[in-house]
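In: What shape does this take:
(chains A and B)
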Amino acid sequence: MPRSQAVDPIAIRKSEVLKIKDIPVNQYKPDIKKELKKYGEKGLKNIYYDMLMIREFEMMLNSIKTEGSYQGITYNHRGPAHLSAGQESAAVGQSYNLTADDFIFGSHRSHGEILSKSFSAIRQMGEKDLTGIMENFFGGDCLKVVEKGFKNGDTSDLAENFILYGALAEIFARSTGFNKGLGGSMHTFFSPFGSMPNNAIVGGSADVSMGSALYKRVNRKKGIVIGNIGDASLGCGPVWEALSMGSMDQYNTLWDKDLGGAPPWMLNIFNNFYGMGGQTSGETMGYGMAARVGAGVNPDNMHTERVDGFNPLAVADAMERKKELLLAGKGPVFMETITYRLSGHSPSDAASYRTKEEMDAFKEHDSLLSYGAYLLENGVITESEQGDMKAKIVDKITNTMSLAINDEVSPHVNGAFIESVMFSNGNEPKLDDREPEVLLPKEENPMVKTNAKKNRFAYDEKGKPYSAARTFTLRDGLFEAMIHRFYEDPTMIAYGEENRDWGGAFAVYRGLTEALPYHRLFNSSISEAAIVGSAVGYAMSGGRAVAELMYCDFMGRAGDEIFNQMPKWQSMSGGVLKMPLVLRVSVGNKYGAQHSQDWTALAAHIPGLKVMFPTTPYDAKGMLNLALRGTDPVIFFESQKLYGIGEMFETDGVPEGYYEVEEGEPAIRREGKDLTILTIGSTLYTALDAAEKLNSEHGVEAEVIDMRFMNPLNYEKIIASVKKTGKILLASDASERGSFLHTTASHISRQAFDYLDAPPVVVGAMNWITPPAEMEEFFFPSADWMVDAVHEQILPLKGYSSKSNQTNGELMRRNREGV
Amino acid sequence: MADKVLMPKQGNSVESCIIVSWLKKEGDAVSAGDIICEVETDKATIEVESSFEGTMLKTFYEEEADVPVHNLIALIGEPGEDISMYSADEDNGDDPVQEEKKISVEAEVIESAPVVAAVEEEGKRLGSPRAMNLATFKGLDIRTVQGTGPEGRIIERDILALTKDYPSISPAAIEELLKSGRPMPVKGSGIGGRILLDDVQNSSVVESSSMAIPVVKGDFPGPVNEVKVRGIRKITAQHMFDSLSMTAQLTLNSSVDATALLALRKKFKNSEESLGLQKITINDLILYAVAKTLPQFPEMNEHFLGDKIVQFEKVHLGCAVNTERGLLVPVIKDAGSYSLRELSGKGKELFSAAAEGKSNPDDLAGGTFTITNLGSMGIESFTPVLNKPEVGILGVCSVSLKPVQVDEEVRFIPHMGLSLTFDHQAVDGAPAAAFLKALVSAIKNIDLLMAM
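Out: The predicted structure follows:
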């Protein structure tokens, strides 16, 4: 909603015809003279060599999966092998003109891309750089095996063997693999050569690669970024979201011109015409040619074209042209590279969806054969050279395999190692040393000035609350943490819906628009999946991202990104990647069933996420400070009920300077000896009301604890409290069934069993839709419900009559009815 | 509705108690924790505390009455309250067989949450884990407790209500009790006698205070103080009279070279604290020697029952303890199975309970042989009185120097006197003397005995 650009009603109502520009299809014309001039004999041979190497690599795996051996060496590989035999020309052609600064992200079928991208990078790199990379990678663990286990030639040959072994050891889940064996066939990568994570979720690399390109543009880094995904992934919503967000007008209209234009991002479809068994063109999609999709995204058609991926030189040519466009900031680019997989989807593929005739027809077009013949025809290569190449490659692959399956040379990691890479637990105030780009000194910021006049504790000396306008609120605490980090870490960016100008739907960012250039704070398209997915790509590329989803309920829109991408990459990379990504989500109310849910349980369930939920201004600032200096993915829950509250617990008020809340520590908000009440989120304040009632009306002194952290969570304080009181009520606004409090209750039962005077009792919201605001009292836990639950389940109160039904019979009924 | 005071059941073998005295009379104000009356079993006197506030409305028995346990003995409530529906012989469900099946519940009515009897279903705990633990620490039988928690569950407050005058104990001390399995100390060193961690760690026998000997002087007969013979005094009187009138007891005196005994005791006293041997006393060593020697003389470890003699394989060793209430004889069951350190610990536990008047009556019965020690009083020899139907009792006397001829010279060697009384009805002089001789040898060579 930039005020600098007005929407013109006359212009939008004008009668005209929208013309779509032509989309080139298979326009490459082979010309051996030109090709020899461009690539040289060596270059053309290298392309053949790389294709041959990939084919042998894949056939080795195919042989192991289907026959249990290769070259007489037996091995049982238990994991997956999605092979790309037949697609070598597309991968090698793409990599030819890319450097190590150019990133490619891939799919579950990307062995060929890892090899081709790395081989290409090796040929362009000096000896010293290559040696440095290999020696520094996991302290040389992989290199040592290769140095000892191969008859290595020069440094390039050593590096080639290093790539073959690192990739295969990873596929076989070995600790000497590229990702310590934790990524495996579908996820592995080798970032020093620009081979970035491959993704086992169909289309998963679309938004992640777009975020990586965003990182390159915002931080003025060299190179382009390609997301390689399959044709069938064009049916996935997040792919379309990535296209939308990757092609936003603001890159050209609003962002600083000197940045260089749109993020250098290309989405490439390796179109092999099948999504597993679904025929995309003819059965499951309707685009005719995938290249058409680019025309629906922006007036440039995203520079889309269909390229004949059966000819590596056609692909190399297209890549050379597209890379130039991208580096000039004229992207994004959409490309369809047609190819064909000769092997099955996986070894279990019975080819029930395609005919033998079709497969035979494509064998005639096998790129390895046709390109080999093309070189022979034109005298670039001889048959005996081809034979020598083949023999050398078989020898290399055989040796690679025998090393990679040797348990002594290539062991598996243990459980302790897997645990050690779940979080990086870093403390990195900034991820780059350059001066952060800001628009004005922090002290001149209007919001900073306003906040300076506010009272940082909620009450005056007489215990009277200050007026709302004069109170430093939870919202202000978040703002202070954000602006602090923006002025510390030049790589930090924040985005989401209505983040700029509007200041975020709940005004947390009010004052940041004035402080930051567009590329550090911007409005995204309404693309929750791409918001989170791009932040994942941004963070794994080396920057710090704060993404915002406005309502917690919208997490559903970004399910894969939150559950499969954000939490997994640090560990799936074997600790190679870090994920300094904070995802802010806000728990709402008053807006009904799709805008009022607390989904802490969903987030806390997923290994690899840190989950925080502050409830006071002090914690909002201290916990966001903590999250923003870390290197782990954090789902940061906020409550819309609490944005406007002042600090009621820290009597010295919210500190003006920087501080952090200790990770994982719950906070005791009220002390008591008779009963513990543990809460998540805004329910804290309801529980404090309940504690007051229990005390004044029943003489029961409740201790109230605010959980604050769902993961990691240190149970010591909670257990100590329960040991003291013997009784615990757990309450939150999340629907009761599957609430995170049940996990907590279970831990407490186990750890404090002998001290319990009653079972831990969870009071949550009903297992219904959140009704409209007028009926919320039937839905969310009230102080009365809590007292009732104490009376019915924990400690009968003399002379008390329950106002709600908290009996076991009712619990039984609700579960039986499923409500 | 008046609150009922029942005759408590103290120990599994106790079926009835005699009301010794009423400390609260009808019409007296009663606070929770006040002692209402003293009752006695055949071995111990017990103070019955009130768990209730109010006025003593009715006492159902006179002093000296022998009342079955769990019978209603008194009512506490508001003056003028109608108590006509109560009677002394009211069945309070004290049948031990029934007790396993159901728990009698006096319902303190809580509106909207009616108290339900905690039915002991198979596999169901009667109380919350916390309440069960607390009851264990307080020595309370959970089956006698009425639950006021949800569905009649016995919860912490129910135990607290019944035990609030029990010694208070710190959480750290509870942890230590749980961890160490040590006995609960009788008295704490904290404020108001609160039991602290230190007390648990140093849990030991409370030394019995030396007897105050009244000095008689002045005009004859001077002021007199009439003390009614009752309680333990009365029981002891009967026991002693029976013993002397119904047995043929006589005493053999001997003495034993105490050099090794004293040296060992000194060694223990100076040993590493962590070994837990510092508090082993001379008396413990004598107990140990007797426990180890007796099994070789089954005729000394028996009960004489007139028409039959019951010989015991195991040694259940009684030890006379002087308490403020009078003479008590706690029994260490199967004393022969203990190591010296365990024996010492067990003895201290039982003796201190006796000294505090908190013995479980079950611990005051079942002895097969008794030891009585007057050594600390400087007694050189005496005639201990048999604890019928046992046939032997060993009197332990003081240690004094005795001239002994060693080779050509006379040396003064510390000797301890031993006085063994036996029942000639059951045992003859020779075997009794042989036992004493063996005991003398065992004590003289106590260090060797320890090694066996």
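In: how is chain A carved up into domains?
Out: A:37-410, A:442-639, A:667-817 (automatic domain parsing).
In: Any idea how far the longest one is from the middle of the chain?
Out: It stands for domain A:37-410. Centroid displacement of domain A:37-410 relative to its chain, using CA atoms, centre = their mean, to the nearest Å, is 21 Å.
In: Next: stretch B:61-77.
Out: Distance, stretch centre to chain centre, for stretch B:61-77: 23 Å (CA atoms, centre = their mean).
In: gap between whichever residue of the stretch 251-400 of chain B sits closest to chain A and B:R265?
Out: As assessed by CB to the nearest CB, chain A sits closest to B:E349 within the stretch 251-400 of chain B, at 24.1 Å. (Each C-beta comes from the backbone N, C-alpha and C, glycine too.) Separation of B:E349 from B:R265 (CB to CB, to the nearest Å): 20 Å.
In: And the helix or strand hosting B:T136, what's buried?
Out: Under the criterion of DSSP states H and E, B:T136 resides in helix B:129-138. Using 16 or more other CB atoms under 10 Å in any protein chain shown as the test for burial, helix B:129-138 gives B:129-135, B:137-138.
In: Which elements pack onto it?
Out: On a contact count with 3 or more CB pairs under 8 Å, 6 or more residues apart in numbering or on different chains; DSSP states H and E, helix B:129-138 meets helix B:156-163, helix B:171-180.
In: sorry, back to before: higher neighbour count, B:E349 and B:R265?
Out: B:E349 (20 against 17; other CB atoms under 10 Å in any protein chain shown).
In: Report the secondary structure state of the more buried one.
Out: Look at B:E349: counting by DSSP: H, G, I helix; E, B strand; the rest coil, its state is helix.
In: how about the helices in the stretch 451-600 of chain A?
Out: Ranges of helices in the stretch 451-600 of chain A, per DSSP state H, counting those that start in this stretch, are A:474-486, A:512-515, A:528-540, A:559-560, A:569-572, A:600-605.
In: Between those, which one is closest to chain B.
Out: Taking CB to the nearest CB, helix A:600-605 is the member of the helices of the stretch 451-600 of chain A nearest to chain B, at 26.4 Å.
In: what comes into contact with that closest one?
Out: Here helix A:600-605 makes contact (CB atoms under 8 Å, 6 or more residues apart in numbering or on different chains) with A:555, A:562-563, A:609, A:611, A:613, A:635, A:637, A:680-681, A:710-711, A:732, A:734, A:738-740, A:743.
In: give me that answer again for 6 Å
Out: Helix A:600-605 is contacted from outside by A:609, A:611, A:635, A:637, A:680, A:710-711, A:738-740, using CB atoms under 6 Å, 6 or more residues apart in numbering or on different chains.
In: And stretch A:719-739, by the same measure?
Out: A:598, A:601, A:674-681, A:683, A:687, A:703, A:741, A:745, A:748, A:751-752, A:755-758, A:760-765, A:767, A:780-781, A:786, A:789-790, A:794, B:130, B:156.
In: Go through those and flag which are in strands.
Out: If you go by DSSP state E, the contacts of stretch A:719-739 have A:675-680, A:703, A:761-765 in strands.
In: just the helices and strands packed on helix B:129-138: most buried one?
Out: Counting by mean count of other CB atoms under 10 Å in any protein chain shown, helix B:156-163 has the highest mean neighbour count of the helices and strands packed on helix B:129-138, with a mean of 20.
In: Could you check which residue of the stretch 151-300 of chain A lies nearest chain B?
Out: For the stretch 151-300 of chain A, CB to the nearest CB, closest residue to chain B: A:L182, 41.5 Å.
In: In contact with that residue, which residues?
Out: A:571-572, A:574.
In: Go through those and name the one nearest A:L478.
Out: A:S571 (28.8 Å; CB to CB).
In: burial count for the closest residue to the closest one other than its chain neighbours?
Out: The shortest distance from A:S571 to any residue other than its chain neighbours is 4.7 Å, reached at A:V421 (CB to CB, 6 or more residues apart in numbering or on different chains). Look at A:V421: counted by other CB under 10 Å, it has 20 neighbours.
In: A:V421 and A:S110, how far apart?
Out: Distance, A:V421 to A:S110, by CB to CB: 22 Å.
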